[in-house]
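1. Got a predicted model here, sequence first, then my questions.
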Amino acid sequence: DTEVTQTPKHLVMGMTNKKSLKCEQHMGHRAMYWYKQKAKKPPELMFVYSYEKLSINESVPSRFSPECPNSSLLNLHLHALQPEDSALYLCASSQPGQGGATNEKLFFGSGTQLSVL
Amino acid sequence: SQELEQSPQSLIVQEGKNLTINCTSSKTLYGLYWYKQKYGEGLIFLMMLQKGGEEKSHEKITAKLDEKKQQSSLHITASQPSHAGIYLCGAARTLYNNNDMRFGAGTRLTVKP
């Protein structure tokens, strides 16, 4: 199994709603990522979990709350979002690096297209 | 911070033609990744280059990393409509923190039948 599965594929929410995005992988990867991608822009890193601990938070607003309940699952909890948060949210996973020059490729899910009304 | 510049931003070619996409970094590249993305979908890994002068090929796509490890090119031979999409280069910012991959702005490729 070399897939990263994201649900839902599409989500429409109001600014007062609370929703969650889910990501799952069964490749034994111990690093998981959330990226945000606006139309015609490159993916922007939001959060990185390494061994279930948050290792990178790219100054993301607190209305986005990540959670890594175990090594296979990654959630992104959404609350009080703004219309400008509408974007494609991509989850990815990889083996964490061991240091040195070894870099592992990222496996990406197909994303959740989020629209905030 | 790592800056990756891709050129061209967009490319329209006739089916069967060859093409090249470039990715230039403002810093030494410790690992350079090429991904392809269809609109509104996830990224598909193509190739990874680590060593200066390294060249890898898969089917009709060849990627190279220059000796100084600050530029990479992706070359497609005899392009087909299936090659259409957005090509993104990505790189980690630092040698010892290889989880924070950043991407260039992408090259949008259209292949006309």
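-> Okay, I see it.

2. Just give me the neighbour total for whatever residue of chain B ends up closest to chain A.
-> Chain A sits closest to residue B:31 of chain B, with a gap of 3.4 Å, by C-beta to the nearest C-beta. Placement of C-beta: from N, CA and C, glycine included. Other residues within reach of residue B:31, judged by other C-beta atoms under 10 Å in any protein chain shown, total 22.

3. before we move on, what about residue B:102?
-> 18.

4. sorry, back to before: pop out the phi and psi values for the residue of chain B closest to chain A.
-> Residue B:31 adopts backbone torsions of phi -170, psi 130, taken as degrees, to the nearest 10.

5. Mind listing residues that contact the helix-or-strand element of chain B with minimal mean pLDDT?
-> Sorting the helices and strands of chain B by mean pLDDT, DSSP states H and E puts strand B:101-103 at the bottom, at a mean of 88. Here strand B:101-103 makes contact (C-beta atoms under 8 Å, 6 or more residues apart in numbering or on different chains) with A:33, A:42-43, A:45, A:106, B:1-2, B:4, B:33, B:35, B:88-93.

6. are any of these buried, and which?
-> By neighbour count, with 16 or more other C-beta atoms under 10 Å in any protein chain shown, the contacts of strand B:101-103 hold A:33, A:42-43, A:45, A:106, B:2, B:4, B:33, B:35, B:88-93 as buried.

7. Inside helices: which ones of those residues?
-> Using DSSP state H, no member of the buried ones among the contacts of strand B:101-103 sits in helices.

8. So among these, where is pLDDT lowest?
-> Within those, residue B:2 has the lowest pLDDT, namely 59.

9. Run a quick neighbour tally on residue B:26.
-> Neighbour tally, residue B:26, other C-beta under 10 Å: 10.

10. Cross-check the contact I'm expecting between it and residue B:3.
-> Yes: contact criterion C-beta atoms under 8 Å: residue B:26 and residue B:3 qualify, at 4.2 Å.

11. And for the least confident helix or strand in chain A by mean pLDDT, what's in contact with it?
-> Within chain A, no helix or strand scores below strand A:53-57, which has a mean of 90 by mean pLDDT, DSSP H and E. Contacts with strand A:53-57, where a contact means C-beta under 8 Å, 6+ apart, come from A:45, A:46, A:47, A:48, A:49, A:66, A:68, B:99, B:100.

12. ok, which residues in chain B are in contact with chain A?
-> Taking C-beta under 8 Å from any C-beta of the partner chain as the criterion, chain B approaches chain A at residues B:30-31, B:33, B:35, B:40-45, B:48, B:50, B:88, B:90, B:92, B:95-106.
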